[in-house]
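> whatever this is, show me its structure:
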Amino acid sequence: MKKYNVYQTIKEQGVVVVIRGNDLQEAIKTVEACYKGGIKVIEVTFTVPRADELIKTLVEKYAGSDMLVGAGTVLDPETARIAMLAGAQFIVSPSLNVDTIKTCNRYGVPVMSGVMTPTEAQTAMEYGVDILKLFPGDIAKPAGLKALKGPFPNANIMPTGGVSQDNVEEWFKVGAYAVGAGSFLTKDAKTGDFDKVEKTCRAFVEKVQSIIGGKK
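Predicted coordinates:
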């Protein structure tokens, strides 16, 4: 998928779910529940055991569907390349690693780098990052995103961490391109309640769509 299409899908969906899990099976069931709940953009973190295998499994299982499968918690170019070979359609880092950005650009794979400061934001954009991951979002808060949009009005910023049903509207109000959400959506997977994960995702997607739909 072309970079533009990936970014456009993320913008239209408005939500990227961050998938973690104690084992491969739990992670797969979590993804299935999220997808049934309407989440179409999946970020498999490399904290999941055998994350590359999970990515490959999902890419094959959902081939031809509207699901986007990416890799998260990518700390270095070596991990980024492993994710790409497994079929990851985008790469997400919690921090700014220039070598990872270069590797992704080399192979034409979209990359979202973690930033917190103006210096990190500017550096990421100068190296060709099209979506900045504001992380940790629960520290930056919407006020932090609004502050970054001041000197960088054209930056596409996706807060991740601390995003919930209660504050998601505030994030979009200050200019979020999309939001990344993890434990808020998937916490019930730890107890095996995947039906609850699906319901939580569905309610969240409906709210996000009502917010971004009204902004069009």
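> neighbours of the residue lying closest to Pro151 once chain neighbours are set aside, how many?
Counting by Cβ to Cβ, 6 or more residues apart in numbering, Pro118 is the residue found nearest to Pro151 once chain neighbours are left out, at 6.1 Å. In this view, the C-beta of every residue, glycine as well, is placed from N, C-alpha and C. Residues near Pro118, counting by other Cβ atoms under 10 Å, number 13.
> do you know the pLDDT at Pro118?
On the pLDDT scale, Pro118 is placed at 98.
> measure it to Tyr7 for me?
Relative to Tyr7, Pro118 is positioned 22 Å away (Cβ to Cβ, to the nearest Å).
> the longest helix along the chain - contacts with which helices or strands?
Criterion DSSP state H: the longest helix present in the chain is helix 194-215. Counting contacts by 3 or more Cβ pairs under 8 Å, 6 or more residues apart in numbering; DSSP states H and E, helix 194-215 packs against strand 15-19, helix 24-36, helix 168-173, helix 183-186.
> hmm, who's touching it?
12-15, 17, 29-30, 32-34, 36-39, 165, 168-169, 172, 179, 181, 184-186, 188-189 (Cβ atoms under 8 Å, 6 or more residues apart in numbering).
> list buried members of those by neighbour count.
13-15, 17, 30, 32-34, 37-39, 168, 172, 179, 181, 184-186, 188-189 (16 or more other Cβ atoms under 10 Å).
> picking up where we left off before, average pLDDT across the longest helix of the chain?
Averaged across helix 194-215, the pLDDT comes to 94.
> report the contact partners of the residue nearest the centre of the chain.
Against the mean C-alpha coordinate of the chain, by Cα atoms, centre = their mean, the closest residue is Val16 at 3.9 Å. By Cβ under 8 Å, 6+ apart, the contact set of Val16 is 10, 41-43, 70, 92, 158, 160, 178-181.
> try 10 Å this time
Residues counted as contacts of Val16 (Cβ atoms under 10 Å, 6 or more residues apart in numbering) are 10, 39-43, 68, 70, 72, 90, 92, 112, 131, 133, 158, 160, 163, 178-182.
> among the residues you listed, which are in strands?
Mapping the contacts of Val16 onto strands (DSSP state E) picks out 41-43, 68, 70, 72, 92, 112, 131, 133, 158, 179-181.
> any stretches of this structure with poor pLDDT?
1, 214-216 (pLDDT under 70).
> compute the number of surrounding residues for Val59.
17.
> what helix or strand does it sit in?
For Val59, the host element (DSSP states H and E) is helix 51-61.
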